[in-house]
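**Q** Give me coordinates for this.
(one chain, ligands or ions: 1)
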Amino acid sequence: MKLKNYINGKLMEPSSQRYFDNFQPSTGKVYSQIPDSDEADVDLAYQAAKNAFKSWSILPKELRSNYLLKIAHLIESKLDQLAMAESIDNGKPLKLAKTVDIPRAAANFHFYATGILHYASHAHSMEDTAINYTLRQPVGVAGCISPWNLPLYLFSWKIAPALAAGCTVVAKPSEITPMTAYLLSEICIEAGLPDGVLNIVNGYGSKVGNAIVSHPDIPLISFTGGTVTGKHIASVAAPMFKKLSLELGGKNPNLIFADCDYDKMLHTTMLSSFANQGQICLCGSRIFVERKLYERFKNDFVEKTKALLVGDPLDDKTKVGAIVSKQHQEKIMSYIELAKQEGGKILCGGNVLKLVGNLSEGYYIEPTVIEGLPHNCRTNQEEIFGPVVTITPFDSEAEALSMANSTIYGLASIVWTENLTRAHRLANQLHAGIVWVNCWLLRDLRTPFGGVKASGVGREGGFEALDFFTEPKNVCIKLT
Ligand code: NAD
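**A** Down below sits the predicted model:
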């Protein structure tokens with residue numbers, strides 16, 4: 001099967017006519033072809049988006065909202081097809097795609113379809129001298145670039161607010177998981193979205209992504225992906241004075257105090273460690289446990305981890321699916337080797353897992369728990385982004401906090417305690433964009449989403465995203 005670009009309302013071949021292989025992670029086999037697009041395709045997409053902007057940006061928001069609602073409903077009606085496509089493309093358990101990824105993609109469109117109807121700007125009165133009001137105008141053609149771990153979920157998290165705000169879009173899904181973005185283009189055609197409003201160009205980051213970021217007439221870039229890529233994008237876009245939103249990597253701490261609700265903590269910590277094979281930017285990969293609870297936690301956690309069923313993503317019983325690519329599998333394994341060299345003890349897992357039959361060439365790794373590493377070693381400082389966690393005891397709240405804040409990252413953090421004062425104190429002191437207390441991945445789409453330090457710049461979510469995709473203009477009118 002050959003995927004196509006979606007440009008000016010049509011499904012198109014790349015101008016190079018070249019394609020590259022798309023692998024199914026669970027089998028390691030090639031199952032589709034991805035357009036190897038380049039600057040020429042990005043420029044075509046830009047021209048289409050620029051033309052469409054003239055009418056889309058002034059279309060009454062109620063009508064823009066209707067299009068987005070149609071897209072949301074179509075995603076919902078194709079839940080099974082989209083979830084299956086996501087699972088095959090990414091290696092994630094089908095059940096997860098069905099209950100999290102695809103419903104959330106529909107929710108993103110719903111949320112911004114209705115959110116835009118409630119989005120208002122400010123007026124500043126200077127008594128009877130003058131009145132200022134703020135116009136919020138769509139910025140123009142937005143460049144949206146997304147990663148492979150939550151493909152349609154994160155792709156739509158950018159596109160929906162951009163379109164709701166009145167921007168038109170040139171978007172690029174990850175070349176590792178482009179399938180549901182392709183299906184979204186079919187959905188947009190079915191929804192009757194006007195030509196050129198959304199354009200999806202497939203291909204490599206170094207070609208398509210770079211062409212979007214360096215395009216002189218794309219004034220805004222919304223990027224989610226790795227910190228190294230984000231740094232490069234910032235270096236290209238900043239001298240061009242582009243508006244930038246960067247959602248980058250994480251190395252999130254999970255702080256477990258002895259006074260926590262133990263069963264709830266244990267259940268959720270399994271998820272925050274291994275959901276989506278640990279390939280969620282919000283996973284808590286560094287687990288710090290108060291020493292008096294440490295042995296009990298370690299024994300229970302390791303026992304539960306050993307019991308996790310790694311297998312065919314399409315099987316409902318599977319808890320941990322395939323790693324997204326061979327290259328990523330190798331990267332994760334190199335970190336497990338590093339952990340050993342750094343003196344870490346592998347409590348469970350630590351190996352590539354060979355399954356049988358048509359899964360024998362798939363990319364699987366046993367969920368891995370490591371102890372005995374100092375908090376400042378590379379294993380505990382660098383993002384691994386796989387089913388690998390470290391556990392470390394602590395003796396005081398101050399020590400836990402200082403280890404938690406010791407990385408270059410600051411995306412999310414998790415705190416388990418029944419002590420209300422401590423929870424608030426830590427929430428105040430953790431250097432992160434998100435603090436979950438006694439929960440994980442509980443999301444209200446109105447809340448600001450993003451990280452500090454090397455985890456990113458700017459916030460998505462709620463009206464923050466609509467602020468990003470619009471430019472505020474102050475109009476001052478003298479009254480006398
Ligand atoms: P990546 O940075 O390799 O790629 C992300 C996207 O950027 C892809 O579409 C890729 O093709 C594109 N890209 C690559 N080079 C580019 C360039 N030079 N110019 C423009 N675009 C380019 O990241 P990934 O491996 O796909 O995703 C994993 C990373 O994403 C992890 O670090 C993870 O923490 C992070 N992530 C962050 C969030 C968040 O919300 N903060 C969410 C999900 C994933």
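
**Q** Tell me, how many residues neighbour Val236?
**A** Other residues near Val236 come to 13 when the count uses other C-beta atoms under 10 Å. In short, each C-beta sits where N, CA and C put it, glycine included.

**Q** And stretch 374-382, what's buried?
**A** Buried residues in stretch 374-382, defined by neighbour count with 16 or more other C-beta atoms under 10 Å: His375, Cys377, Thr379, Asn380, Glu382.

**Q** Which residues does it contact?
**A** 251, 286, 335, 338-339, 342-344, 370, 373, 390, 392, 403, 406-408 (C-beta atoms under 8 Å, 6 or more residues apart in numbering).

**Q** Buried ones among those?
**A** If we count by 16+ other C-beta under 10 Å, these have these buried: 251, 286, 335, 338-339, 344, 370, 373, 390, 392, 403, 406-407.

**Q** show me the contacts for the residue sitting furthest away from the middle of the chain.
**A** Residue farthest from the centre of the chain, counting by C-alpha atoms, centre = their mean, is Thr480 at 51.2 Å. Counting by C-beta under 8 Å, 6+ apart, Thr480 touches Asp128, Thr129.

**Q** returning to what we had before: quick one: which of the contacts of stretch 374-382 is nearest the ligand?
**A** The closest of those to the ligand turns out to be Lys251 (C-beta to the nearest ligand atom; 8.9 Å).

**Q** Find me the pLDDT at the closest one, would you?
**A** What the model reports as pLDDT for Lys251 is 98.

**Q** ok, back up a step: how close does the residue farthest from the centre of the chain sit to Ile58?
**A** The gap separating Thr480 from Ile58 is 33 Å, by C-beta to C-beta, to the nearest Å.

**Q** Next, count neighbours for the residue lying closest to Thr229 once chain neighbours are set aside.
**A** Leaving aside its sequence neighbours, Thr229 sits nearest to Gly205 (C-beta to C-beta, 6 or more residues apart in numbering; 6.7 Å). Neighbours of Gly205 under the rule other C-beta under 10 Å: 20.

**Q** again, but for Lys207
**A** Neighbour number of Lys207 under other C-beta under 10 Å is 20.

**Q** Please apply the same query to Ser32.
**A** Residues near Ser32, counting by other C-beta under 10 Å: 18.

**Q** Next to the ligand, which bits of the stretch 201-350 of the chain? Give me the list.
**A** 205-206, 209-210, 213, 224-226, 229, 232-233, 247-250, 281 (C-beta under 6 Å from any ligand atom).

**Q** Relative to Phe297, which of the residues you listed is nearest.
**A** Among these, Gly250 lies closest to Phe297 (C-beta to C-beta), at 22.1 Å.

**Q** three-state assignment of that closest one?
**A** The local conformation at Gly250, judged by DSSP: H, G, I helix; E, B strand; the rest coil, is coil.

**Q** Show the backbone phi and psi for it.
**A** phi -150, psi 160 (degrees, to the nearest 10).

**Q** what about it, how many neighbours?
**A** With other C-beta under 10 Å as criterion, Gly250 counts 29.

**Q** Name all residues that make contact with it.
**A** Each residue near Gly250 by C-beta under 8 Å, 6+ apart is listed here: Cys281, Leu282, Cys283, Glu383, Tyr409, Gly410, Leu411, Ala412, Gly451, Ser455.

**Q** Sort out for me which of those residues are in strands.
**A** Tyr409, Gly410, Ala412 (DSSP state E).

**Q** okay if I get those residues as a markdown table plus distance to the ligand?
**A** Below are the ones in strands among the contacts of Gly250 laid out as a markdown table (distance: C-beta to the nearest ligand atom, whole Å):
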| residue | distance to the ligand |
| --- | --- |
| Tyr409 | 9 |
| Gly410 | 11 |
| Ala412 | 9 |
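
**Q** For those, which entry has the maximal number of neighbours?
**A** Result: Ala412 is most packed of the ones in strands among the contacts of Gly250 (other C-beta under 10 Å), 28 neighbours.

**Q** Show me what stretch 16-35 is in contact with.
**A** Residues outside stretch 16-35 that contact it (C-beta under 8 Å, 6+ apart): 1-5, 13-14, 36-38, 40-41, 88-91, 175, 178-179, 201-204, 312-314, 321-326, 358-359, 361-363.

**Q** Same question for stretch 187-197.
**A** 6-11, 48-52, 55-56, 67, 70-71, 74-75, 78, 163, 168-169, 198.

**Q** at 6 Å what do you get?
**A** With contacts defined as C-beta atoms under 6 Å, 6 or more residues apart in numbering, stretch 187-197 is touched by 8-9, 48-49, 51-52, 56, 67, 70-71, 74, 168, 198.

**Q** Packing partners of the helix or strand where Lys304 lies?
**A** In this assignment (DSSP states H and E), Lys304 forms part of helix 291-307. When contacts are defined as 3 or more C-beta pairs under 6 Å, 6 or more residues apart in numbering; DSSP states H and E, helix 291-307 sits against strand 345-348.

**Q** Just the CA coordinates for the strand it packs on, please, in CSV.
**A** Provided in CSV are the C-alpha atoms of strand 345-348 (Å, rounded to 0.1, in the frame of the first residue of the first chain):
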residue,chain,number,x,y,z
LYS,A,345,21.5,-4.2,39.1
ILE,A,346,18.9,-5.6,36.7
LEU,A,347,16.0,-6.8,38.9
CYS,A,348,14.0,-8.1,36.0
